[in-house]
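Asks: Requesting a structural model of the entry that follows:
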Amino acid sequence: MGITTIEQLLPVAVIAALTGGAAGAGAWLFLGSGPEVASTPRVAQDRNAPDTGDLEARLAALEQRVAGLDLAPVAAAPSPRVEDDRTDARLEAIERSLEELALRDEQRVERSDVVAQSLLEAIAQQPRIDPTAARDTILDPMATEADKLAAWRALRDAEEWGPGVVEEMIRVGESSTSEATRADVWRQADARASSDLLVQPLLNALAHDPSAPVRSEAAETLVNYTSVPGVLDALRHAAEFDADEEVREEARNSMRD
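Replies: The predicted structure follows:
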């Protein structure tokens with residue numbers, strides 16, 4: 001074998017250096033290049049290649065979020081290394097889970113629409129009480145408390161109650177032995193119409209009725225009469241001293257409103 005000259009080695013070294021191969025590194029060392037040349041082979045990296053570690057972390061986080069949606073679980077990859085086939089399978093599983101969630105949302109919306117329609121139909125089918133008939137029922141001495149209360153409820157949206165109606169319902173609210181009836185009398189008195197005749201009976205109920213629900217309803221309805229002298233003082237006293245927390249809260253609310 002003959003002697004190899006520098007002129008013969010130079011093209012080999014240049015080509016090897018450009019390709020980043022081990023031969024280039026050895027050639028430069030042979031030519032006496034300084035310490036800045038690495039003594040170990042350098043592997044070229046594709047700058048456009050994805051960061052597999054970051055992709056794995058993002059994929060795992062997405063799987064965890066989907067799994068928290070109470071859907072079919074997505075299997076975790078057995079290896080932290082992302083491979084194309086595993087990544088495709090995992091992404092497909094996530095897509096299926098999201099499609100299932102979207103379908104469930106559509107079904108929930110459909111069910112809600114059905115329920116809302118059913119309620120509207122039920123309301124439409126309820127018999128409407130004519131205001132005149134309601135007033136006649138309240139003033140009828142033969143009508144039961146339940147009938148009078150239903151008629152009183154039907155007049156809640158009326159612009160005015162009419163002569164004698166308020167007096168009769170005050171009588172029911174003060175004399176009924178049923179606390180539920182007394183409470184409902186004062187509850188339905190919180191209506192579009194108003195009457196100063198209600199103020200003193202409401203104050204009496206707030207101060208003296210033994211039933212907390214009755215006192216609570218009286219306190220709530222008194223919000224319509226806070227401009228009447230003595231009402232705010234009574235609400236303030238109930239808000240501080242009533243034995244029932246709900247009554248105290250309703251009294252505070254009526255003072256604020």
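
Asks: State the distance from residue 187 to residue 250.
Replies: 11 Å (C-beta to C-beta, to the nearest Å). C-beta: built from backbone N, CA, C; applies to glycine.

Asks: any shared contact partners between those two?
Replies: residue 220 (C-beta atoms under 8 Å, 6 or more residues apart in numbering).

Asks: ok, the two, which is more surrounded?
Replies: residue 250 (25 against 20; other C-beta atoms under 10 Å).

Asks: got a list of what the more buried one touches?
Replies: Residue 250 sits in contact with 216, 219, 220, where contact means C-beta under 8 Å, 6+ apart.

Asks: Can you tell me the element it falls in?
Replies: Assigned by DSSP states H and E, residue 250 belongs to helix 245-256.

Asks: buried sites along stretch 187-201?
Replies: 187, 188, 189, 190, 191, 193, 194, 195, 198, 199, 201 (16 or more other C-beta atoms under 10 Å).

Asks: Can you flag which of these belong to helices?
Replies: Counting by DSSP state H, the buried residues of stretch 187-201 place 187, 188, 199, 201 in helices.

Asks: so can I have CSV of those showing distance to residue 103?
Replies: As requested, these are exported to CSV (distance: C-beta to C-beta, whole Å):
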residue, distance to residue 103
187, 43
188, 45
199, 57
201, 57
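
Asks: Redo those residues as a markdown table? Include distance to residue 118 and pLDDT.
Replies: Formatted as a markdown table, these follow (distance: C-beta to C-beta, whole Å; pLDDT from 0 to 100):
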| residue | distance to residue 118 | pLDDT |
| --- | --- | --- |
| 187 | 26 | 97 |
| 188 | 26 | 97 |
| 199 | 41 | 98 |
| 201 | 39 | 98 |
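
Asks: from these, which single one is nearest residue 130?
Replies: Nearest to residue 130 among those, counting by C-beta to C-beta, is residue 188 at 17.2 Å.

Asks: Next, the contact list for the closest one, please.
Replies: Neighbours of residue 188 in contact, by C-beta under 8 Å, 6+ apart: 149, 152, 153, 155, 156.

Asks: how about a markdown table for the buried residues of stretch 187-201, with distance to residue 116 added?
Replies: Formatted as a markdown table, the buried residues of stretch 187-201 follow (distance: C-beta to C-beta, whole Å):
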| residue | distance to residue 116 |
| --- | --- |
| 187 | 26 |
| 188 | 26 |
| 189 | 30 |
| 190 | 26 |
| 191 | 26 |
| 193 | 30 |
| 194 | 33 |
| 195 | 36 |
| 198 | 35 |
| 199 | 39 |
| 201 | 39 |
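
Asks: I appreciate the help and will end here.
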